[in-house]
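Novice: kindly return the folded structure for what I paste below:
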Amino acid sequence: MADDEKAAQISGKQGFIAALDQSGGSTPGALRLYGIPDSAYSGDAEMFRLMHEMRVRIMVAPAFSGAKVLAAILFEGTMDGQAQGKSVPACLWQERGVVPFVKVDKGLQAEQDGVSLMKPMPALDALLSRAAKLGVYGTKMRSVINLPSQQGIAAIVAQQFEVAAQIAGHGLMPIIEPEVSIKSPDKGAAEAILREELTKQLDALPAVRQVMLKLTIPDVPDFYAALAQHGRVARVVALSGGYTRDDACRRLAANHTMVASFSRALTEGLRHSMSDAEFNAADHEADEQGTAPGSLDPGAEELAVAHLEEELGDLLFQVYFHATLAAEAGRFTLADVARGVHDKLVSRHPHVFGDVRAETPEDVATNWEAQKLSEKNRSSVTEGIPAALPALALAAKLQRKALAVGMVLPSVAEEAVRVADGILDLKTSADRGSDAGGGTQPPRPIADGEGGGPDQVAALGELLFSLANVSRILGVDPETALRARATSFRTSVEEMG
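Specialist: Sure thing, here's the model as predicted:
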């Protein structure tokens with residue numbers, strides 16, 4: 001019965017798939033982003049213990065549930081761990097309503113014929129047996145396609161389906177991931193060969209067997225639609241493969257049969273030092289942003305648009321259900337809810353429904369904030385802004401609130417002067433530090449968490465705050481801009497090895 005419910009969720013429910021399967025190569029970077037420097041641990045055992053604690057904290061946060069998260073792909077060590085007194089797979093499904101998968105590949109072989117096959121997995125059967133006993137529903141394994149090589153891509157697909165048969169023999173659902181590199185010189189040709197080879201292998205599968213596919217978002221819209229509709233395919237999952245968030249959103253919007261997946265978005269804004277309340281608030285904020293335009297999740301916006309009618313129905317049911325319970329308890333009725341929304345709209349738009357004048361959008365925002373302060377008995381317009389917001393997002397939100405109460409912020413030209421002065425001050429400070437070392441050795445790279453006296457921290461903060469203000473004036477989300485640049489830089493680093 002449980003497997004039937006998991007199968008129904010994977011094949012039919014809307015949501016996204018969360019990837020929690022960082023391996024040793026990506027774990028140190030994930031921990032640094034979480035606020036744990038390399039110096040905080042020694043050896044793989046301690047590193048993976050800290051990583052497991054972070055993953056569990058994400059999994060048990062209130063926002064991480066089957067309401068939005070269809071499945072979670074786990075690293076083997078996470079699968080073997082515990083969460084809330086249960087095995088992680090049991091906790092995910094029984095407590096969170098999230099279907100557990102496990103990553104089974106052991107990395108890539110050297111490139112040959114334009115592709116990188118998976119390394120041998122001699123202990124695969126033992127892993128699969130253990131996973132099945134723990135209640136894991138399926139697996140994920142990745143290969144990489146760099147060139148449109150017929151022979152190479154055929155070998156990739158053949159290997160994936162060969163291992164998939166071994167996985168299916170243990171009663172598990174395989175996710176086949178033959179990633180087409182977005183840096184391929186002829187990505188479209190590689191995708192055409194891949195689709196052809198996948199179709200051949202799918203057609204040859206027994207009628208009772210299904211697989212899932214995780215594929216790089218294609219250049220041609222709905223290019224993999226026929227695969228998604230194939231009787232042997234349970235679901236097609238989108239792989240962004242290094243596209244910027246905005247580009248991935250645009251591409252995924254044109255591929256209506258692919259479901260979104262993401263990994264880095266899950267840890268965005270989360271820090272080891274946060275209290276549980278702060279952590280849960282930040283996790284909820286990231287999850288909510290995942291359904292908004294320009295969000296952290298490359299596909300959640302498109303999922304929400306494509307299934308808006310269903311989502312609105314769910315929302316309407318919740319409103320009616322809770323209003324009915326409240327009415328039965330003598331607290332309020334559905335009519336009271338509607339009247340409250342009506343009264344709020346009227347009171348916060350006195351320029352429409354009253355005699356208050358508002359000549360500009362800024363006047364409207366000022367009236368809105370003043371009315372909200374009065375209604376909620378707040379002492380400041382900044383009350384209610386989560387302290388756990390990512391710093392750039394927090395700065396931008398505070399600046400918008402400042403404008404709403406009449407504060408005048410610097411123009412782009414004024415901020416340009418401030419930025420130039422700030423950079424000069426930081427350079428002077430850095431030069432003084434270098435001179436103090438005698439000038440005979442190159443400056444030692446500063447590790448995360450080191451260095452940065454109070455004056456430098458304050459100066460850099462001023463610089464970033466000014467840039468956040470410039471972003472606001474230009475109508476550019478600073479988080480999106482910085483993420484795009486970081487993604488581009490990451491590609492450059494990967495190209496260097």
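Novice: all strands for the stretch 251-400 of the chain, in order.
Specialist: Listed from the start of the chain, the stretch 251-400 of the chain has strands (DSSP state E, counting those that start in this stretch) covering 258-262.
Novice: how close does F332 sit to Q159?
Specialist: Computed as Cβ to Cβ, to the nearest Å, the F332 to Q159 distance reads 61 Å. The way it works is simple: take the backbone N, C-alpha and C, and place the C-beta from them, glycine included.
Novice: before we move on, what about F48?
Specialist: Look at F48 and Q159: by Cβ to Cβ, they are 28 Å apart.
Novice: so for F332 and Q159, which sits in the more crowded spot?
Specialist: Ranked by neighbour count (other Cβ atoms under 10 Å), F332 and Q159 place Q159 first, with 18 against 14.
Novice: need the pLDDT of the more buried one.
Specialist: At Q159, the model reports a pLDDT of 97.
Novice: phi, psi of it?
Specialist: phi -60, psi -40 (degrees, to the nearest 10).
Novice: do I have it right that it meets M141?
Specialist: No - taking contacts as Cβ atoms under 8 Å, Q159 lies outside contact range of M141: 9.1 Å.
Novice: which neighbours do those two share?
Specialist: Taking Cβ atoms under 8 Å, 6 or more residues apart in numbering as the criterion, Q159 and M141 both touch M118.
Novice: residue ranges with poor pLDDT in the stretch 301-450 of the chain?
Specialist: Low-confidence segments of the stretch 301-450 of the chain (pLDDT under 70): 301-308, 348, 358-379, 381, 384, 433-450.
Novice: helix/strand/coil for P174?
Specialist: Secondary structure assignment for P174 (DSSP: H, G, I helix; E, B strand; the rest coil): strand.
Novice: so who does it touch?
Specialist: Contact analysis of P174 by Cβ under 8 Å, 6+ apart lists 138-141, 163-164, 167-168, 211-212.
Novice: and stretch 469-486, what's buried?
Specialist: By neighbour count, with 16 or more other Cβ atoms under 10 Å as the criterion, the buried positions of stretch 469-486 are 469-472, 477-480, 483-484.
Novice: for the contacts of P174, which one is nearest P454?
Specialist: Using Cβ to Cβ, K140 is the member of the contacts of P174 that sits closest to P454, with 46.2 Å.
Novice: related to what we said a few turns ago, most neighbours of all the contacts of P174, which one?
Specialist: Among the contacts of P174, the one with the most neighbours (other Cβ under 10 Å) is T139, at 28 neighbours.
Novice: is that one in a helix, a strand, or coil?
Specialist: Under three-state DSSP, the three-state class of T139 is strand.
Novice: is it true that it touches M121?
Specialist: No - contact between T139 and M121 fails when scored by Cβ under 8 Å: they sit 10.5 Å apart.
Novice: need the overlap of contacts for these two.
Specialist: Listed contacts common to T139 and M121 are V104; contacts here mean Cβ under 8 Å, 6+ apart.
Novice: and the strands in the stretch 101-250 of the chain?
Specialist: According to DSSP E, counting those that start in this stretch, the strands that the stretch 101-250 of the chain contains are 115-116, 138-145, 173-180, 211-216, 233-239.
Novice: show me what the second one is packed against.
Specialist: Applying 3 or more Cβ pairs under 8 Å, 6 or more residues apart in numbering; DSSP states H and E, one finds that strand 138-145 contacts strand 99-103, strand 115-116, helix 150-168, strand 173-180, strand 211-216.
Novice: that one vs strand 99-103, what angle?
Specialist: 40 degrees (axes from the mean of the first three to the mean of the last three Cα atoms, to 10 degrees).
Novice: what lines up beside strand 138-145 in the sheet?
Specialist: The partner list of strand 138-145 in its sheet, established with DSSP bridges, is strand 99-103 (parallel), strand 115-116 (antiparallel), strand 173-180 (parallel).
Novice: tilt between that strand and strand 258-262?
Specialist: Computed by the same axes, to 10 degrees, the angle between strand 138-145 and strand 258-262 is 90 degrees.
Novice: what is the burial count for I36?
Specialist: If you count neighbours by other Cβ under 10 Å, I36 ends up with 22.
Novice: and for L213?
Specialist: When neighbours are defined as other Cβ under 10 Å, L213 has 24 of them.
Novice: L50 against D44, yeah?
Specialist: No - counting by Cβ under 8 Å, D44 is not a contact partner of L50; they are 10.8 Å apart.
Novice: comparing the two, which residue is more hemmed in?
Specialist: Set side by side, L50 and D44 show more neighbours around L50, with 18 against 11, by other Cβ under 10 Å.
Novice: got a list of what that one touches?
Specialist: Listed by Cβ under 8 Å, 6+ apart, the contact set of L50 reads 31, 36, 40-41.
Novice: buried only: go through those for me.
Specialist: By neighbour count, with 16+ other Cβ under 10 Å, these hold 31, 36, 41 as buried.
Novice: quick one: which of the residues you listed sit in helices?
Specialist: For the buried ones among the contacts of L50, the ones inside helices are L31, with DSSP state H as the criterion.
Novice: just want the angle from the helix or strand containing R55 to strand 99-103.
Specialist: According to DSSP states H and E, R55 maps onto helix 44-59. An angle of 160 degrees separates the directions of helix 44-59 and strand 99-103 when computed by the same axes, to 10 degrees.
Novice: please save the CA atoms from helix 44-59 in PDB.
Specialist: Presented in PDB, the C-alpha positions along helix 44-59 are these (Å, rounded to 0.1, in the frame of the first residue of the first chain):
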ATOM      1  CA  ASP A  44      35.500  12.900   6.400                       C
ATOM      2  CA  ALA A  45      33.600  11.400   9.300                       C
ATOM      3  CA  GLU A  46      33.200  14.700  11.100                       C
ATOM      4  CA  MET A  47      32.400  16.400   7.800                       C
ATOM      5  CA  PHE A  48      29.600  14.000   6.900                       C
ATOM      6  CA  ARG A  49      28.200  14.100  10.400                       C
ATOM      7  CA  LEU A  50      27.800  17.900  10.200                       C
ATOM      8  CA  MET A  51      26.300  17.500   6.700                       C
ATOM      9  CA  HIS A  52      23.900  14.900   8.000                       C
ATOM     10  CA  GLU A  53      22.800  17.300  10.800                       C
ATOM     11  CA  MET A  54      22.200  20.000   8.300                       C
ATOM     12  CA  ARG A  55      20.100  17.800   6.000                       C
ATOM     13  CA  VAL A  56      18.000  16.500   8.900                       C
ATOM     14  CA  ARG A  57      17.400  20.000  10.100                       C
ATOM     15  CA  ILE A  58      16.100  20.900   6.600                       C
ATOM     16  CA  MET A  59      14.000  17.700   6.400                       C
END
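Novice: what's the following helix or strand after that helix?
Specialist: The helix or strand immediately downstream of helix 44-59 is strand 69-74, counting by DSSP H and E.
Novice: can you list contacts of that following strand?
Specialist: Counting by Cβ under 8 Å, 6+ apart, the neighbours of strand 69-74 from elsewhere in the structure are 9-10, 13, 15-21, 55, 59, 88-89, 92, 96, 98-103, 136-138, 140, 175, 259.
Novice: show the buried residues in those residues.
Specialist: Judged by 16+ other Cβ under 10 Å, buried ones among the contacts of strand 69-74: 9-10, 13, 15-21, 55, 59, 88-89, 92, 96, 98-103, 136-138, 140, 175, 259.
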